[in-house]
Structures are given as C-alpha cells and as structure tokens.
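Chemist: Here is my input; please provide its structure:
(chains A and B)
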Amino acid sequence: MFSLDLLLNAVVAGALLGGFYAAVSLGISVTFGLLDVVNIAHPVFVILGAYTAFTLNANYGVDPLLAGALFAPVFFVLGVVVYRVYYTSFESKGEGSQGGGLVFFFGLLFIVEVGLMLKFGVDYRLVEAPYIGESIHLGPIGLAYRLLVPCAVGLLMTLCLYLFLGKTFYGRAIMGVAQDSLALRLVGADPVRVKTLAFGISIATASVAGALLIMISPVEPSIGRAYIGRAFAITVLGGLGSIGGTLTAAMILGIAESLTSTFSGPSWALAVSFGILLLVLAVRPAGLFGR
Amino acid sequence: MSVKGRSLLVLAVLFLAGLFAFTRFVENRYIFFAAYVVLQYIVLATAWNILGGYTGYVNFGTGAFFALGVYSSVFLIQMFRAPLLVQIATGGVVAGLLGLGLGYLTLRLRGTFFSIATLALAVVLQTFVINWEYVGGAKGTTVLRPAHAPFFNNYIEFLFMVMGCLAVGSVAIAWFIEHSRIGRGFAAIRDNEEAAECTGVPTLKLKLLATTISGCLMGVAGTPFPYYLSFVDPDSAFNLSYALNSLAMPVVGGTTTWLGPVVGAVLLGTAQQLATVTISSELNILIVGVVLVLFVVLAPKGIVGLVQQFVQRRRA
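Modeler: So this is what the prediction gives:
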C-alpha cells in the first residue's frame, strides 16, 4: 500500500491544493485578521463566484480565469454593499455587537446558499477549458493543470495582496485600521472608507477563488460549508492578519489533507482542518506568524 | 417563591395538562408530529439562548449537539435497549461535556473562536458518524420502539409528553438562571466582559457553565428522536435546519428573556410546519434566513423587545 511515489504525489498535490486554499483564505485573513470582522459567509461568496464562472462559461464559453478577472470588480461592489449594511447595523453601534454581526453573516450564508440551490439545483456543475484535464509529468510525479493553474493564481494573488498591503498608502491604512483608527484619521484617511475598501477586496478575492474552485472540482451549492472550517483554520494557524503566514498555513493544511485522504480515505480530510484549528487554539493561539 | 414565580408554575402545570389532553383528543398524525417538532424547538431555542442570548456567545453547531444526543441514544439502544431515562441522561451528559470541552479550548481566547469552532464541529462529527458502522453509518439504522407505555395509548404519545416535560424543564432552567446571581453574571459578560472581569465576576467559569448547560439541553432534545422516528440517518440527525432554526427562533423572539425563544419557537416552528405542506424545504430555509437577517438588522431585540417598546410608549 505505502510507496514513495504515492507519498511524493500526495505531497505535491497537497502543496498545489494549498495554493488554492490560500486564495480562499486571503480574504478572511484581511477581514478577520485586520478588520476584526468575522465574515463566516466568506466561503459562500467563493461558491457564488464559482457559479458566476459556470454561467459565463456554459453560456458564452468564457474561460474561467478570464471570467474571474471580469467579475471580480462586481464582487468588490457587492462586498462594499455588504460591509455598509454590516457597519450601519452593528459596528457603528459599538461594543457588544459582535454576536449580532455573526448572526447577520450566518443568515447571509443561508440566503445565498439556498438561493443558489433554488436557481441551479443540487447537481454538480463544472466548467470547460482546454487545459482542464491535461497534466504534465516530472518523473513519477504527475502535475494536473486543473491544480497547477489555481495554485499559480493563488500564489499570484497572495503576492499582489502582500505588496498592496505593505507598499501602498491604502494598504498600510488597512493594516493599521484596527489598531489605531484615530492615528489613521490624523494622516487623512477615513477609517470607515478604509475598512469598506478592504472588505470589498476581500469579497473580490473570494470570487476569484470561486473561479479557481470550479476548475479543480465540480461544484454544488452546499460545498461552501466545508471551506468555513478550512479557511478559518488556515487564518488562525497562519497568525491573524499575516499574509505570508496564511500562505504557509494553507500549504500545511493542503499537504496534511492530501496525505490524510491518500492514506486514510477522503472522508477524513475534513476532520484535519478542525483538528488543526483546535490544536492551534489550545497550544499557540497566536498562530505560526502571529504577533 | 415569588407571586410571579408561583403563577408561572401554575401555567407550566396547565400547559402540561393541555398537552396531555392533546394526546387524548387529537387523532391526526401530522398535527401530532408537527406539535412534537415545535416542542423540540422550544428546548433547542431555549438551550441556544442560555449561551447565545444571556452571555452573547453565538453557537452555530446546534445540529452537532442535537445529533450527539440522537446518536448516544442509538448507541445505547443497540447496546442493551437502555430505558429512555438512561438515554436522556446519557445524551445530556455527553453533549454537556462536549460543550464544556469546546468552551474550555476556545473561550479563554476571543469569543469568536468558539463560534468558528462550532461551525466546523458539525462537519467533523458527521464524518465520525458516517464512518461508524455500529450506529448505522451513512445509510442509517432502523430502531424498534417499545410497543407500550404506561398510562398512554401508544409509545408515540408517551414520547410526545416526554418532550413536553423537557420543554417545560428547559424553560424552567432558563427562568431560574435569569433570576439568579448566575444570570446577572451572564448579563455582565454580555454587556462588557472586561468590566465584568475587573469587578470580580468569574467570567471563564460562568462561560463554561453556560456552554455546558446549553450543550446538555441540546443533547437532551435529541435523545427521544430515534424512538420517535424509528429511523435515524446522519442527514436527518445533522440537518442544518437545526442550527439555523435554534438560532433564528431566539433572535426573532428576543434574546434577553426566557419568553423570547418560546415565542420564536412557537411562531417560526408552527409557520414552518404549515409551510412545508405547501412549499419546498429549501424555500422554507430561505425564508427563515431572510427573516433572521431582517430581525437582526432592524429589530435586534426581537418580538418581545418590540412589544416592550410598544407598551412603554403607551404608558409614557
């Protein structure tokens, strides 16, 4: 049963999966880690992105990656709207409203998920592109393009976000908004606008991750739930708000899940993220790269 | 006991007497089943509210705690056909311990970690159950319910009455908590945890007490389920509508008093039971989701809060 080839393939596939997981988790790393907004509906926007890519692909033959680039701005606007509602209903009312916000996102999660179910049914949907299904071989290791492309895009997204947050004025403003919003005002940035911008970016990354998701495997509305545990486990393991940490943690989870499903069966892969989440909270709540 | 407490006790006794009369006079099986579900939701909503409403910590994993109660009963029935009372007690203890353990791991940090962990919990527990053949695995298992029960025409009526007692019991627990030092401690945590800690409120102990009681009651609500339906599979035991409903009911009813979850459970529960006849279950969930978001955004104090506001305005 056990062989070196199998192990190598599992590790490589896991690392590729990790690049995609990073794309799913980046947005949560920004909202949860930097804005202190616990958007548990984030994965459902990933699914919404996947279905948008599916619709564009099935009706107009648009490449899923191009589709992702096209609708990301639309999702940015959607994120802005959602944050505005969240802000006026909960955040502007000050302390003790965290619970209400959580319930709000929970309700949103159900509305979008069931809405998709009613529109598209519970059948699995997939996209078509020339490179899906192809793979290249490096010795005993097979690299499937359907994993390779999402991983590459995930890495690129991570790099862009890292540079944006570290090098630009608005990026730095996002980094600082939860820590000291008064200081932010003094340098001429409105904290609420900064947070709105960050939330919009977060939802835009979710939608692109959705286009990647439907490349990797067929999608049905309820699979978003499996990503809630994963994405939050990654963000916490990486250290809240650390973009590099998120990527590292995503790789770790991807490899751990891939090994688990190769050697103990795919149904246990979901338990891995939960185990990691609890372990990190118990042993080192600050995560790998947390301050 | 205060006058108000005594009149509530009378009310509880009358309520149970009414349920008993219900078992005698209602013939329609569907109405019977619908009423059972509403009672079950009174337990679940009240249990959720003891943690979510009183201390402000949101639990998204009601389905997991409920299913733990369901499957501990299935296990005991498979083992030695344990009596119902043993099933109820075991389910309560197991789910309570899960609440305590999860609370201990996550509540020392920020409260949101608890919520996130409960979200992932259901997925993981379901995986365990699917892989555990002894309790039926993925395809489920049939449970033979006892043919007779003392004082009742059949076992279904007996279980209905048991659920009625559980509903009254959990509301009574919520009432006692609300009117005790514990309840004031919970409210202090909800309003400002740091300030509570500074003034000497043992916040961690109280939070753990809340997660334990809340989890225990959710598990208890699930224990009569195998006998009642006589078939259990992971999809029905872990159904997502438990998590959504047990959260939506207190929020819609009002989270700060014992009355809120009861009002919410009766209204939303009855509405859904009526609606399932005419519309699909997906549409049903969609409506609950929309109602939940509307309430949490526009009327965060729920129906009870709205009525209180109305009454105060009339007096002023």
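
Chemist: okay, CA-based contacts and neighbour counts for the rest of this
Modeler: Will do.

Chemist: how close does the residue nearest the centre of chain B sit to chain A?
Modeler: In chain B, the centroid-proximal residue (C-alpha atoms, centre = their mean) is B:L44; its distance is 0.8 Å. B:L44 sits 17 Å away from chain A, going by C-alpha to the nearest C-alpha, to the nearest Å.

Chemist: That residue touches B:A221, doesn't it?
Modeler: Yes - shown here, B:L44 and B:A221 form a contact pair, counting by C-alpha atoms under 8 Å, at 6.6 Å.

Chemist: circling back: tell me the contacts of the residue nearest to the centre of chain B?
Modeler: Counting by C-alpha atoms under 8 Å, 6 or more residues apart in numbering or on different chains, B:L44 makes contact with B:62, B:217-218, B:221, B:246.

Chemist: what residues are up against the closest residue to B:Y242 other than its chain neighbours?
Modeler: Of all residues not flanking B:Y242 in the chain, B:G63 sits nearest, at 5.2 Å (C-alpha to C-alpha, 6 or more residues apart in numbering or on different chains). Going by C-alpha under 8 Å, 6+ apart, B:G63 touches B:122, B:237-243.

Chemist: at 10 Å instead, please
Modeler: B:44, B:69, B:118-119, B:121-123, B:125-126, B:218-219, B:222, B:236-246 (C-alpha atoms under 10 Å, 6 or more residues apart in numbering or on different chains).

Chemist: Flag the shaky bits of the stretch 101-250 of chain A, pLDDT-wise.
Modeler: Within the stretch 101-250 of chain A, no range satisfies pLDDT under 70.

Chemist: Recalculate using a threshold of 80.
Modeler: Applying pLDDT under 80 to the stretch 101-250 of chain A flags the ranges A:131-133, A:138-142, A:178-184, A:187-188.

Chemist: Tell me where it has strands.
Modeler: A:135-138, A:141-144 (DSSP state E, counting those that start in this stretch).

Chemist: Which one of the ones you listed lies nearest to B:S170?
Modeler: strand A:141-144 (54.7 Å; C-alpha to C-alpha).

Chemist: partner strands of the closest one, parallel or antiparallel?
Modeler: Here strand A:141-144 has these sheet partners by DSSP bridges: strand A:135-138 (antiparallel).

Chemist: Alpha carbons of the partner strand, in CSV - could you do that?
Modeler: The C-alpha trace of strand A:135-138 is given here as CSV (Å, rounded to 0.1, in the frame of the first residue of the first chain):
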residue,chain,number,x,y,z
SER,A,135,-1.3,17.2,-17.0
ILE,A,136,2.5,17.2,-17.2
HIS,A,137,4.8,14.5,-15.7
LEU,A,138,8.0,15.1,-13.9
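
Chemist: and it, how far from the chain's centre?
Modeler: 27 Å (C-alpha atoms, centre = their mean, to the nearest Å).

Chemist: Which parts of the stretch 1-150 of chain B are helices?
Modeler: B:3-25, B:29-52, B:62-80, B:84-106, B:111-130 (DSSP state H, counting those that start in this stretch).

Chemist: Just send those back as CSV, with mean pLDDT too.
Modeler: Supplementary listing: these in CSV, determined by pLDDT from 0 to 100:
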stretch, mean pLDDT
helix B:3-25, 83
helix B:29-52, 91
helix B:62-80, 92
helix B:84-106, 92
helix B:111-130, 85
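
Chemist: now the ones you listed in JSON lines, with distance to A:G154?
Modeler: Putting these into JSON lines (distance: least, C-alpha to C-alpha, whole Å) gives the following:
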{"stretch": "helix B:3-25", "distance to A:G154": "58"}
{"stretch": "helix B:29-52", "distance to A:G154": "37"}
{"stretch": "helix B:62-80", "distance to A:G154": "33"}
{"stretch": "helix B:84-106", "distance to A:G154": "30"}
{"stretch": "helix B:111-130", "distance to A:G154": "24"}
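
Chemist: quick one: average pLDDT of the stretch of helix or strand A:G19 belongs to?
Modeler: For A:G19, the element it lies in under DSSP states H and E is helix A:4-28. For helix A:4-28, mean pLDDT is 91.

Chemist: Downstream of that helix, the next helix or strand is which one?
Modeler: helix A:42-60.

Chemist: Report all helices and strands that that next one contacts.
Modeler: The contact analysis (3 or more C-alpha pairs under 10 Å, 6 or more residues apart in numbering or on different chains; DSSP states H and E) places helix A:42-60 against helix A:4-28, helix A:64-89, helix A:98-120, helix A:191-216, helix A:224-238.

Chemist: So for it, what gets flagged as buried?
Modeler: Residues of helix A:42-60 classed as buried: A:42-57 (neighbour count, 16 or more other C-alpha atoms under 10 Å in any protein chain shown).

Chemist: how deep is A:G188 tucked in, by neighbour count?
Modeler: 10 (other C-alpha atoms under 10 Å in any protein chain shown).

Chemist: Got phi/psi on it?
Modeler: Main-chain dihedrals, A:G188, degrees, to the nearest 10: phi 90, psi 30.

Chemist: need the contact list for it.
Modeler: When contacts are counted by C-alpha under 10 Å, 6+ apart, A:G188 touches A:173, A:182.

Chemist: how about a cut-off of 6 Å?
Modeler: By C-alpha atoms under 6 Å, 6 or more residues apart in numbering or on different chains, no residues touch A:G188.

Chemist: excluding its backbone neighbours, what's nearest the residue of the stretch 1-150 of chain A found nearest chain B?
Modeler: In the stretch 1-150 of chain A, no residue comes nearer to chain B than A:G107, which is 4.9 Å away by C-alpha to the nearest C-alpha. Closest residue in space to A:G107, ignoring its immediate chain neighbours: B:G289 at 4.9 Å, by C-alpha to C-alpha, 6+ apart.

Chemist: ok, the one you found to B:V13 distance?
Modeler: Taking C-alpha to C-alpha, to the nearest Å as the measure, B:G289 and B:V13 are separated by 34 Å.

Chemist: Same drill for the two, tell me which one is more crowded.
Modeler: Neighbour count, other C-alpha under 10 Å: between B:G289 and B:V13, B:G289 has more, with 24 against 14.

Chemist: okay, the more buried one: pLDDT?
Modeler: pLDDT, B:G289: 91.

Chemist: Up against chain A, what does the stretch 1-150 of chain B have?
Modeler: Residues of the stretch 1-150 of chain B found near chain A (C-alpha under 6 Å from any C-alpha of the partner chain) are B:105, B:120, B:124.

Chemist: Much appreciated, bye for now.
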